[in-house]
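Engineer: what would the 3D arrangement of this be:
(chains A and B)
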Amino acid sequence: MQDNIQEKIKKWIAKELSIEGDFAVEHPKEMERGDLAANVALIEGKKQGKNPRELANEYVEKLAGCVLPEIEHMESAGAGFINIFLKPEFFADAVNEVMKDGEKFGENADLKGQKIIIEYTVCNVLKPMHIGHLMGNVIGESLSRIIEAEGAEVKRNNYQGDSGLHIARAVWGIQKLGGKIEGTLSEKTEYIGKAYALGANSSEDDEKVKEEIQKLNKEIFEKSNPELNELYAWGRQVSLDHFETLYKKLGTQFDYYFFESEVTDEALKIVSEFVKKGLFEESDGAVVFHGEKFDPKLHTRVFVTKQGLPMYEAKDIAHAIRKYETYKFDTSIVVTASEQSEYFKVMLRALQEINPEIALKIKHISHGLLKLVDGKMSSRKGNVITGEVLIDDVEKMVMEKMVDREMSDEIKKEVAEIVAIGAIKYSILRQAIGGDIIFDFDKSLSFEGDSGPYLQYAFVRAQSVLKKSKLQNPNVKIEIPENWETVVLEKLLARFPEVIARAGREYAPHHIATYLIELAGSFNSFYAGHKIVDEADPTSPYRLALTEAFGLVMKKGLDLLGIKVPEEM
RNA sequence: GCCGCCAUAGUUCAAUGGAUAGAACGAGGAGUUCCUAAUUCCUAAAUGCAGGUUCGAUUCCUGCUGGUGGCACCA
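Structural biologist: Numbering: from 1, shown residues only, chains lettered A, B, ... in the order given. Modelled structure (predicted):
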C-alpha cells in the first residue's frame, strides 16, 4: 500500500538493525535528496556515543544486502541521514491506484464511526453578512469535507443569532427610517444594514437612545408589543432568505439550523438552577460567572443582565446541551472568529461544571479576522464589504479576463462564478486558519501564481489534453515506459493521502492548498516540457495516464477545499 | 493593569526539532511553427532583539520590543 510505505520502511530498518523504532522516516524537504529519509543514525549515534555520519555509512552497508522491493537505493548524507530512493515502479503503482480509486483516492478511515458536528457561519440576523462571515463559512465547509474524507459522519450546523441587543438596534433603526419597505431581497437587506448601523451609531454616544433601545430589547424579548413583533419577524425573514442565497452560491448545505431565540428560556432556567448551586453569583443586579475562580487565566463574565435577559454566554450553554440532545456527537467543532477565543474558554469552563461530558467534547477553532488594508470592518461604522458585493465584484473581474474566449455568454457566466468563488475561497484557505487575513482587493484576489484560478487552470489544461487524446488514442494503458525517469508530478501524486491525513489531524485545510499549488506547478512544468499527446512517442500513453491521475487528484483536492472546477476557462 | 494570539524576502503567505528556510506578487532577464501564455524557465531578496534547552531551534522555554484580540450587562 502506498500510504504505508514510511511505516513499512521504518519497521524494516528497526528489524534489520535490531534497534528500537524511536526514529522517523520522513520526506526530505527537497526531493533531490531522496524520496524518504531516516534519522536513525542521528538518534542511535547519540545513544551510543558514536559519530552519526559514520554510523549512517555503517547502516547503509548493513541494509544494502537485503533491500525491500520498493527501494531503488540508499545513501548516507548530511549530518547522518539515510536517504532512500524508491523505484519508478513504486510511483507508477501510485498512478495506477489513483486511476483505480478515482475520486476516492486519498481518503482514509481514521475517523470511521465518529459522529462529528461542525458549527460554522454563526450569523446574526438583522446585521449585514460581511466578508468576515464568508471566512467562517469557507473554513467550516472545507473542514467538514476533510473530516468526511477521514470517514467520519459529519453534520453541518448553523447557529443563528436571532435574539439579543443587535436586534433591538436594528429594529430601532427601521422605525426611524420609516418601517418596512418593498423591493428586491438585496434592497431590503441593504436597508436593514443601514438601519442597524443607524441604531448602533446613535446609541453609541447618546444615553437617551441607548435607553430606548434597551427598552425595545426587553419588549422584543417578551414579545409584548405586536408592532415590534411584526418588524422583527419581517427583518428576520429577510436576513434568513438573504443568507440562504449566499450559502447556495458558496456551496454549503446545513443539516441543522439552530436559533438563539429557541433556547433563551432554557438558558434562564439553567442559570437560575446553578445560581442555587453557587456556580453563578449575583453582582450589581446581574448574574455572573467568576471564571478566575476556576482558572487564573479566565475572567468574569455576565450571563444574565440586570434586566433579566440571557446573554450570549447563557444561551450558548443551553445551545450546547440541546445540540447534544439532538445529535449525540463524539466531537462538536465550533468555528468562530478569534475575538471570541477568550470568551469561549470561560463559557466552556462554566459548561464543564454543568455538564462535563458535553463540555469536553466541544472544540473551538478560531479563524482570525479579515481586515481591510485601511483597518477593521465594522457593521456599526457601516464600512463593511458584504459577501454578496465581493462575489459580484470578483465575478466582474473574471468576466473581463475572459472577453476573448470563444464561449457562449451563458457558459461564460457559469465559469466566472466558479472561478470567482474559487479565487475567494482559495485566498482564505491558503493560509493557516488562526491568522488574520489582510484583504487587499487588487492584490489578494490575484488570478495568477498562488491562487485558486491557477489550480483550476491547471485542471482545465489537463482535461483539454485528455479530450484530444480520446480522439487519437482511445486505449490508454498505464504501463511505465522503459527507461522512464520519474517526474516530480508522480512523486507528489503518491503523497496525496498523507496530505489529507495531516490536514484532518491538524484541522488545517491550508496543507491541502499548499500541496495543490505544488502539484499544479509540477503538472504545468510537465506540460510545458513535453508534448503529452504524440503518437510517435512511446511514452505518450503513460504521460496521458499521469495527466488523468493529476486531474483526478486536483479535482478531489479542490473539492476538499469546497472549490469547484470548470470544464474550460 | 491582567490574560490570550502573532512577529519569516519590498509585500502576502509556507516550512511534521533536522541537511542549502519554500512559494507567489512585485523587480530584472528569457521562452510559443507544439495539447488554452490565467503558463513555463533563470536571477536578486528574509527567520524582530537577548538569553536558555538540544548533537541540531523558524519550530520548545524565559525576558524584551512591536502589533493585535479579550477583560460586566454586545454577539
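Engineer: distance of A:Lys155 from A:Gly161?
Structural biologist: Separation of A:Lys155 from A:Gly161 (CB to CB, to the nearest Å) stands at 20 Å. (Glycine included, C-beta is placed from N, CA and C.)
Engineer: actually A:Ala536, not the one I typed
Structural biologist: Going from A:Ala536 to A:Gly161 by CB to CB gives 65 Å.
Engineer: burial check on A:Glu211, number of neighbours?
Structural biologist: 11 (other CB atoms under 10 Å).
Engineer: higher neighbour count, A:Ala536 and A:Gly161?
Structural biologist: The residue with more neighbours, out of A:Ala536 and A:Gly161, is A:Gly161; 19 against 6, by other CB under 10 Å.
Engineer: mind listing what that one touches?
Structural biologist: Contacts for A:Gly161 (CB atoms under 8 Å, 6 or more residues apart in numbering) come out as A:Val122, A:Cys123, A:Asn124, A:Val125, A:Glu260, A:Tyr312.
Engineer: what does A:Ala503 give?
Structural biologist: When contacts are taken as CB under 8 Å, 6+ apart, A:Ala503 is in contact with A:Ile146, A:Pro509, A:His510, A:His511, A:Ile512, A:Leu560.
Engineer: among the residues you listed, which ones lie close to RNA strand B?
Structural biologist: Residues of these in contact with RNA strand B (CB under 7 Å from any atom of the strand): A:His510, A:His511.
Engineer: any idea how far A:Ile146 is from A:Gly285?
Structural biologist: Relative to A:Gly285, and taking CB to CB, A:Ile146 is found at 46 Å.
Engineer: does A:Ile9 touch A:Val25 like I think?
Structural biologist: Yes - using CB atoms under 8 Å, A:Ile9 makes contact with A:Val25 at a distance of 5.2 Å.
Engineer: overlap in contacts, these two.
Structural biologist: In contact with both A:Ile9 and A:Val25: A:Leu36, A:Ala38, A:Ile84, using CB under 8 Å, 6+ apart.
Engineer: now a PyMOL select for only the buried ones of these.
Structural biologist: A single PyMOL command selects the buried members of the shared contacts of A:Ile9 and A:Val25 (16 or more other CB atoms under 10 Å):
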select buried, chain A and resi 36+38+84
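Engineer: let me have the shared contacts of A:Ile9 and A:Val25 in TSV, extended by distance to RNA strand B, pLDDT and secondary structure.
Structural biologist: Putting the shared contacts of A:Ile9 and A:Val25 into TSV (distance: CB to the nearest atom of the strand, whole Å; pLDDT from 0 to 100; DSSP: H, G, I helix; E, B strand; the rest coil) gives the following:
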residue	distance to RNA strand B	pLDDT	secondary structure
A:Leu36	8	94	strand
A:Ala38	9	94	strand
A:Ile84	9	95	strand
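Engineer: which one of the shared contacts of A:Ile9 and A:Val25 is nearest A:Phe243?
Structural biologist: A:Leu36 (47.5 Å; CB to CB).
Engineer: quick one: contacts for that closest one?
Structural biologist: Per CB under 8 Å, 6+ apart, neighbours of A:Leu36: A:Ile5, A:Gln6, A:Ile9, A:Val25, A:Glu26, A:His27, A:Pro28, A:Asn83, A:Ile84, A:Leu86.
Engineer: lowest confidence element among the helices and strands of chain A?
Structural biologist: helix A:441-444 (a mean of 63; mean pLDDT, DSSP states H and E).
Engineer: buried set for the next helix or strand after that one?
Structural biologist: Later in the chain than helix A:441-444, the nearest helix or strand by DSSP states H and E is helix A:452-472. Going by neighbour count (16+ other CB under 10 Å), the buried part of helix A:452-472 is A:452-463, A:465-466, A:469.
Engineer: contacts only, for A:Met407.
Structural biologist: A:Val415, A:Glu568.
Engineer: repeat that for A:Ala37.
Structural biologist: A:Val25, A:Glu26, A:His27, A:Pro28, A:Phe81, A:Ile82, A:Asn83, A:Ile84.
Engineer: so it sits in a strand?
Structural biologist: Yes - using DSSP: H, G, I helix; E, B strand; the rest coil, the assignment for A:Ala37 is a strand.
Engineer: for it, name its beta-bridge partners.
Structural biologist: Taking DSSP bridges as the rule, A:Ala37 bridges to A:Glu26, A:Asn83.
Engineer: chain center to the host helix or strand of A:Ile438: distance?
Structural biologist: Element membership for A:Ile438 (DSSP H and E) is strand A:437-439. Distance of strand A:437-439 from the chain centroid (CA atoms, centre = their mean, to the nearest Å) equals 16 Å.
Engineer: what of stretch A:293-304?
Structural biologist: Counting by CA atoms, centre = their mean, stretch A:293-304 comes out at 30 Å from the chain centroid.
Engineer: that one vs RNA strand B: in contact?
Structural biologist: Yes - Stretch A:293-304 reaches RNA strand B (CB under 7 Å from any atom of the strand) through A:Pro296, A:Lys297, A:His299, A:Thr300, A:Arg301, A:Val302.
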